[in-house]
Each structure stands twice: as C-alpha cells, then as structure tokens.
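everything below, folded, please.
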Amino acid sequence: MTSNAPQEPLKPSQETESLVRRLAGPSSGKAGLAKDQREINRIISEVSKGSKFYENEKKKDKELTARIEKILKQKEEAVKGVDLARIELAVDHLLEQIESQRDLTQIIVHVDMDAFYANVELLDNPELKGKPFAVGRGVLSTASYEARKYGVRSGMAGFVAKKLCPELILVQNRFWRYSEKSEMIMEIFHRFDPHMCPAGCDEGYLNITAYCEEHSLTAEECVQQMRETVFKESQLTVSAGIAPNKMLAKICSDKNKPNGQFQLQFDAQSIKAFMHDLSIRKVPGIGRVNERLLEAIGIKTCGDIYTQRAVLSLMDKQFGLIFLLRTYLGIASNVVQAHTREERKSIGAERTFAPLGNLERILDKLTEVATELEKDMDQNGWTGRTVTLKFKLDTYQVFTRAKSIDHWVSKKEELFAIGKELLLPETPLKIRLIGLRVTKLKDLRAAASSTNGIKRFFDSVKEDGPRKKAKLAELDGALDETMPGFHEHDETDNRMEDDDLETDEIVDLTELTDHGDEPVTSRPSRPAQSTSNAHASSSKSETSGKRRRNSEAASSGRKPGHETPKSHLIPETHECPVCGKTLETDNHGLNTHVDFCLSRGAIMEAQVEASRSKPMKPVSKTFKGWPKPPDSGNKNKPPSKGKAAPRRGK
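Just a heads-up that it's a prediction; the model follows:
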C-alpha cells in the first residue's frame, strides 16, 4: 500500500555534509569571501562530481569518517567509570600552571601581504583593476578580492572557479616577479626587526619591542609606519596583527584585511575573552582534518576546549591536551628569530601543471625542476647525498621515490639523471606535479669558513653541554605546538602565497592494484605537502620559509615482485606509540622522544586511574615537563614607553 502523503526530502548524511565541506577546500576562511558559503560549496560539489579530484576527496573523507567513529568509541570507553569532576579539577590545576607561563612583555607582529600574487599582477597590468581575476591555470594560487566575492579562492581548480565566476580572468604565474617583490618587502621588515622570521614569500613574524623603545613609538604607531613604508616603496598593501605572541598575532592579522591592522589588548582577561568564541579553525595548525576531529567531541570554538577539558585529558594522545589548553588561554611562543642554516634539512623545487601522460613532456618538466634546484643550491651554498622524487597523479594521489648516493650532488645533470632513474620504473603514468628534493645536506659555506684541527675539536667540546640542553628544551616545547598525528600545514622551504593548502595523501606504489589505467590504494600512507603553485618549494632566499615540522614523507617499495634496492631507501622513520607522530630519527632518538611523551602524560594518567578507584590526592603545584616560571619581575605588565622590555621572548 502506497501513501499519497508528500514525503520529506532525505536529509544529507553526515558523510555527505562533510564531503561538501571538504570539497570547498582549505582556504574557505580566506579574507574577502562571502560569510555564508553554503550555496558556493554546493556548486563546487556539483561541478566536481565525477572528476578524479572528487573521487580522491570522497575516499579521504570516508577514511576520516571511519577514524572519527573509532575516536568516538575510544571516548566512550575512556569515560566509563571515571569521575569527570575530579578530572576537571586536575585540569584546572594544570591550567593554573600553564597560566603562570604567560608572557606579556614582548610586542609580536604578524605581517601578511594582501592577495600578494594578484596585487603584483595588478601593478604590472592596471587593466585588471576592478575585475575578477585569479593567478594560476590548473590550480589557482590566489584570487583578487573581486573574484573572492564569487567564492573563488586559492587551491581551487580553474574549471570550478570558472563555474562560480564565468567572467573570471586567469593570469599565468610569474614566480620570478613575486620573488623580486618579496625580497624588497622582506628588506623593509628587517629594518624594524633584523631578526624577523619569514613565514613564506609574503608573510612573517617580527618582534618590535626594541624598535618601539628606541624610537619612542607605540606598537600601533610602529606598525602603521611599517605598512606605510611598504606601500610607498612597493605599491603593495600589507595587513598586520599585533599581540603578545605569534599565534595571537597571526589570528589578529586576518581581522582587518585587506590593508588594515588590529592590536589585541595585552592583558590576560582580554586575551581569554578574545579566544573564547573564536572558531577552532582560526587557530594556526588546525586545518580541516583536525577541525572535524574536534567537532566530533563537541569542540567548535576555543571556549569549548574548557567545557570538554576532562575528555581531552582522557584522550590526550589523540588530541594533545597541552596544546589545546594553551590555545584556550591564548598562550604561545613569543620567540621570533630568523631560521639558522643549521636548522635546514632539505632543499627542493617542484612544478604543477595540467595532467601530462607523454613521457617526453614529463621529462621536460623534470629538467625545469632540476635546473631550478641547481640554481637554488648553488646560490645558497648547499649540496646533498639523498635525492627524492615526488609526483602527483592525475588522480591527486602523491608518491615519492628516493635514492641515496655515495657522493655530494648539486648539478642539474645528475639531479635530472637520478630523478629520471626513479621515475622510469613507474611509467606509464599521467601526472600533474613533479618535484625533486635533496636531503642529507652539507653546508658549503660552513665548510669554507669553519676552523679545522684541534682548536675546532676543543671548541665543540666546550660548547656542547649548555647548548645541547637548551636545544632539547626548545624541542620539548615545540612538541606541544601542534595537535598530534596530523600535520596539515607541513611547509616547504619557501612557502609562497596561499600555499598553506592541506596535505595530499602519499601512497606506496607497492600497495596499488592494477585496474586498467586507474591505480587504487589499499590503505593510506603518511601525508605530504600539497603545493598549488609550480615554485612553492623552491628556496629563493636563505631565510625564507618555516622549518619543516615533519620530515619529507616517502615510500621505498617497488612494484609487486620487485626487490627493493637499498639505494631507494630514505632516512629511517619511526612512529611514536604515545603521541602518534612520525619521526625521522634512529632508535635512540625515538626512545628520547617516547620518554618525554610518557613523562608528560604520567601525572594526568595517574590521576585518571585514581579517580576510578579512590579519592584523588591534591595536585602538585609543579607539572613535569613545564619550566618553572621566573622568580622575579611582573611578566603581566603591558608594554609601555618606559623601561625597555627584554629583546627576545622567554
């Protein structure tokens, strides 16, 4: 029997809703976009259906949904029989301990050029003014603010952008021109802070505490002067955020975009109020994946972290309790300094293009990459012993192959030859990106300037003790700057504009099965850097780019039935059984890392266990793994024009 009553339309499943959000891309929070993007996201989903990109995103979304289901089961098991009130009390004590680390003495600024590529193109082609245009062809690097009104944004496929905005003008990337302008802008920033830290070609962090003191300026006056200087000398606009630490400064720089600045009040109450209603997605280091994971346990805003603090404590390994508590309080590093050459682990270049299947044309692209890489290595004084080939299929899956050699390499002919040797066994392929990266680096400048013999030996022994301890302490702090497991914004050496796109999946070719021309993965592997522009990972200036938080992911297997040659193995990697992070280190390094993770969580786990069986003992006022606060000085005093604050952070 059938009913004539009108049936309610089927509600979209959670998987469908999450897929639509995923297809919208990682840049859906960019300045200049519409507040309500539901219709835009629907169009993107409809246009993408049937494409290889759609199928790859659908697969990733399904895997993430399965991971969330597993986490929810873990949560249910974790809270069984636990007195959550007691756990909350323990976390409250921990919050007090973290609060004691708050430092309000430094004036940190995050500067971010406005639609950098687009505005550089506008300088050279004034006819584009007022028109919606984007930079890039296959995948967009950035979009003008006129185009963003239609939903066009970085990381978006060109055909999707054209559907959203039929009048869209696509402009070819000119990376040499962007690098030229970048060098000019960075030179200006260095006038205000010689130790400023670039975070790409179009953004960076500065500590202007000393500059303000020396020139009797307020923070707002100093930043206004800086922005006016940038515009006067480059005809480009820059937005800025002013705050007591780097995390807050970066969030603030997006508040008054484009061509504006925003200063957060330098007091704990104002900072906590600012963070309370802030979307968790606005926090640096939390991308689409971690956003969904947090939403699954009821965390959509930073204020929700406090509400769910007991659950987060019980699931520290999955979410990173310390990182999230610091986020809730608005506490982060305020140390700004240029990256040293010693920190550099790799140097690379890559190209993105329309899918190619012709081997000759693919090798032409590989030649371009090898030429670019040789230029960068020569200019910056590097050579290395391990070469990694990276390529992205037209299905958007990413693969790597590596070869270690017994001599130093930096010339384009040998870089190309090794890349070709690694690529040919995998052909035929249809790819949309190819890149080369050199690791196991040797610093030629250091080799030329260093002292030799017995003096060098004794100098190194004399400096080893305190230096080594300081570096370990710094690394320990860095462990809590991101959520565990997913490194969604794994930067390359020279991150160009809008290249903070979410990671692609790397798949080992040994795990593919043959179904015609379409490779199919049997299980996911480690994430790697996704790059939407052709020059993103090429290092144009020695100080450009952030230190990679995660080593270059790579797979070492060959096709089924083939023995893996030792020459194709990359540096040893291990996964921490405690926090889940993948580390490029030896067994000793892994054990050191595990020891730290265990000591950090030991107290909280003991308290959880105690809450299940007996009354909880008072929590100690010290928390293992955290440095003690200074004994003297009022660190919560806002900066003023009076006595100069310390030049650097804590």
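
which element is residue 17 on?
Element membership for residue 17 (DSSP states H and E) is helix 14-23.

so which elements touch that helix?
helix 38-48, helix 52-79, helix 288-296 (3 or more C-beta pairs under 8 Å, 6 or more residues apart in numbering; DSSP states H and E). C-beta: built from backbone N, CA, C; applies to glycine.

let's go with 6 Å and repeat that
If contacts are counted by 3 or more C-beta pairs under 6 Å, 6 or more residues apart in numbering; DSSP states H and E, helix 14-23 sits against helix 38-48, helix 52-79.

got these as CSV, with mean pLDDT, distance to residue 443 and mean neighbour count columns?
Shown next, in CSV, are the helices and strands packed on helix 14-23 (pLDDT from 0 to 100; distance: least, C-beta to C-beta, whole Å; neighbours: other C-beta atoms under 10 Å):
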stretch, mean pLDDT, distance to residue 443, mean neighbour count
helix 38-48, 80, 45, 17
helix 52-79, 89, 38, 15
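
confirm residue 370 sits in a helix?
Yes. Membership of residue 370 in a helix is supported by DSSP: H, G, I helix; E, B strand; the rest coil.

wait, it touches residue 415, no?
Yes. With contact defined as C-beta atoms under 6 Å, residue 370 counts as touching residue 415 (4.1 Å).

between the two, tell me which one has more neighbours.
A direct count of neighbours by other C-beta atoms under 10 Å for residue 370 and residue 415 places residue 415 higher, at 26 against 23.

for the host helix or strand of that one, buried residues please.
Element membership for residue 415, per DSSP H and E: helix 412-423. Within helix 412-423, the residues scored as buried using 16 or more other C-beta atoms under 10 Å are 412, 414, 415, 416, 418, 419, 420, 422, 423.

and if you look at stretch 434-447?
434, 435, 436, 437, 438, 439, 440, 441, 443, 444.

what's the closest of the residues you listed to residue 144?
Checking the buried residues of stretch 434-447 against residue 144 by C-beta to C-beta gives residue 435 as the nearest, at 27.7 Å.

where does the stretch 51-200 of the chain dip in pLDDT?
Applying pLDDT under 70 to the stretch 51-200 of the chain flags no residue at all.

over to the stretch 401-550 of the chain?
Residue ranges of the stretch 401-550 of the chain with pLDDT under 70: 447-482, 484-550.

let's see 90
Low-confidence segments of the stretch 401-550 of the chain (pLDDT under 90): 445-550.

what's the neighbour count on residue 49?
When neighbours are counted by other C-beta under 10 Å, residue 49 comes out with 11.

which residues touch it?
For residue 49, no contacting residues are found, by C-beta atoms under 6 Å, 6 or more residues apart in numbering.

switch to numbering from 16
In the new count, where the first residue is 16, that last one comes out as residue 64.

which secondary structure element is home to residue 347?
For residue 347, there is no enclosing helix or strand under DSSP H and E.

give me the number of residues near it?
Counted with other C-beta under 10 Å, the neighbours of residue 347 add up to 24.

how about it, nearest residue that isn't a chain neighbour?
residue 262 (3.6 Å; C-beta to C-beta, 6 or more residues apart in numbering).

quick check: the one you found touching residue 346?
No. Using C-beta under 6 Å, residue 262 makes no contact with residue 346, being 8.3 Å away.

any idea how far the closest residue to residue 386 other than its chain neighbours lies from residue 416?
Nearest-residue entry for residue 386: residue 427, 4.9 Å, with adjacent residues in sequence omitted and distances by C-beta to C-beta, 6+ apart. Per C-beta to C-beta, to the nearest Å, residue 427 is found 19 Å from residue 416.

do the same with residue 257
45 Å.

next one: residue 295
37 Å.

among these two, which residue is more densely surrounded?
The neighbour count for residue 295 versus residue 416, taken as other C-beta under 10 Å, is higher for residue 416 (25 against 19).

can you classify the more buried one as helix, strand or coil?
Of the three states, residue 416 takes strand under three-state DSSP.

columns distance to residue 286 on top of the helices and strands packed on helix 29-38, output as CSV?
Converted to CSV, these look like this (distance: least, C-beta to C-beta, whole Å):
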stretch, distance to residue 286
helix 53-63, 32
helix 67-94, 29
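
for the ones you listed, which one sits closest to residue 182?
Comparison of the helices and strands packed on helix 29-38 against residue 182 by C-beta to C-beta identifies helix 53-63 as nearest, at 15.4 Å.

tell me the angle the closest one makes with helix 29-38.
90 degrees (axes from the mean of the first three to the mean of the last three C-alpha atoms, to 10 degrees).

give me the contact list for helix 53-63.
If you take C-beta under 6 Å, 6+ apart as the criterion, helix 53-63 is touched by 35, 38, 39, 69, 166, 175, 178.

farthest pair in the residues you listed?
Within those, two members stand farthest from each other by C-beta to C-beta: 69 and 166, at 17.2 Å.

how close does residue 140 get to residue 115?
54 Å.

before we move on, what about residue 241?
Residue 241 sits 33 Å away from residue 115, taking C-beta to C-beta as the criterion.

tell me which of the contacts of helix 53-63 is nearest to residue 89?
Top of the list for closeness to residue 89, among these and by C-beta to C-beta, is residue 35 at 26.7 Å.

need the nearest residue in space to the closest one, chain neighbours excluded.
Nearest to residue 35 is residue 60, by C-beta to C-beta, 6+ apart, at 4.8 Å.

same question for residue 274.
residue 252 is the one closest to residue 274 (C-beta to C-beta, 6+ apart), at 4.0 Å.

and residue 419, helix, strand or coil?
strand.

with residue 381 instead?
Going by three-state DSSP: residue 381 is helix.

show me what contacts it?
434, 449.

change it to 7 Å
Residues near residue 381 by C-beta atoms under 7 Å, 6 or more residues apart in numbering: 431, 434, 435, 449.

shouldn't the last one be in contact with residue 382?
If I follow you right, that is residue 449. No. The pair residue 449 / residue 382 is not scored as a contact, 10.2 Å apart, by C-beta atoms under 7 Å.

identify the residues contacting the helix holding residue 32?
Helix 29-38 has contacts (C-beta under 7 Å, 6+ apart) with 56, 57, 59, 60, 63, 72, 73, 76, 77, 80, 303, 307.

buried sites along that helix?
In helix 29-38, counting by 16+ other C-beta under 10 Å, buried: 33, 34, 35, 36, 37, 38.

tell me the bridge partners for residue 316.
On the basis of DSSP bridges, residue 316 is bridged to residue 294.

how many neighbours does it have?
Counted with other C-beta under 10 Å, residue 316 comes out at 18.

so what's the residue count around residue 375?
So residue 375, with other C-beta under 10 Å, has 7 neighbours.

packing partners of the host helix or strand of residue 265?
Applying DSSP H and E as the criterion places residue 265 in helix 261-268. Other helices and strands packing on helix 261-268, by 3 or more C-beta pairs under 7 Å, 6 or more residues apart in numbering; DSSP states H and E, are strand 123-128, strand 253-258.

for residue 423, find the nearest of these.
strand 123-128 (36.3 Å).

show me the contacts for the residue nearest to residue 274.
Contacts of residue 252 (C-beta under 7 Å, 6+ apart): 129, 134, 246, 273, 274.

need the three-state assignment for the third one.
What it means is residue 246. Look at residue 246: counting by three-state DSSP, its state is helix.

and it, how close does it get to residue 170?
Counting by C-beta to C-beta, the gap from residue 246 to residue 170 is 27 Å.

so the two - more neighbours on which side?
Neighbours per residue (other C-beta under 10 Å) separate residue 246 from residue 170, with residue 170 holding more: 24 against 13.

what values do phi and psi take at the more buried one?
phi 80, psi 0 (degrees, to the nearest 10).

ok, now the one 5 residues further on?
In terms of degrees, to the nearest 10, the main-chain angles of residue 175 are phi -70, psi -40.
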